[in-house]
Every structure is written in C-alpha cells, then in structure tokens.
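J.: here's my sequence, what's the structure:
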Amino acid sequence: MGKTTEADLVEAFEAGRISSEDWADMVNRCRACEGIETCERWLAAHDKAEEAPGCCKNAKVLLRLRAEKEKAEA
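T.: Numbering: from 1, shown residues only. This next block holds a predicted model:
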C-alpha cells in the first residue's frame, strides 16, 4: 500500500519520520485487518493512487507520510 500511495516507508524510516515501532504497528494493523481480499483487489487495480482506500487501517498514516515526503522534496 505504501508503494501504491507513494508514501515510501523506507525513506520515511531513514528520515526519522517513522520509528521501527511505528512501522511494526502499521504491519500489525495490516495483518489484523479483516479486509485483506478487498485490499488485494484494490491494489491489483491501482498502480498508483493519491491515497489508500477508506477501509485501510493505515490510510491516515500513509497520507501523512506522502505529504511529508512531498513537502521535503519541494
């Protein structure tokens, strides 16, 4: 989801915008999600997207990370 939304989790981690605990929390939220099939279909249909689908438990974090990345690049 991070790749599709261009949030770039690796870059966010290396820049200190997320901690290893933050990243682990995101992974755990994803693993615990009951909408895996919906997510997989959505990802298969989108190479790039402005934001994650509303059902994504990490949508707000991904949106914030993308905005921070864009701000840093400006």
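J.: check which helices and strands the helix ranked longest in the chain is in contact with.
T.: In the chain, ranked by residue count with DSSP state H as the criterion, the top helix is helix 59-73. Applying 3 or more Cβ pairs under 8 Å, 6 or more residues apart in numbering; DSSP states H and E, one finds that helix 59-73 contacts helix 9-14. For the C-beta atoms, the positions are set from N, CA and C on the backbone; glycine is no exception.
J.: residues in contact with the longest helix of the chain?
T.: For helix 59-73, contacts defined as Cβ atoms under 8 Å, 6 or more residues apart in numbering pick out 1-2, 5-9, 11-12, 15, 17-18, 22, 26, 51-53, 56.
J.: what mean pLDDT does it have?
T.: Average pLDDT, helix 59-73: 93.
J.: so where is this structure shaky, pLDDT-wise?
T.: For the chain, no stretch is flagged by pLDDT under 70.
J.: show me which residues of stretch 35-46 are buried.
T.: Buried residues in stretch 35-46, counting neighbours by 16 or more other Cβ atoms under 10 Å, are found at 39, 42.
J.: perfect, that will be all.
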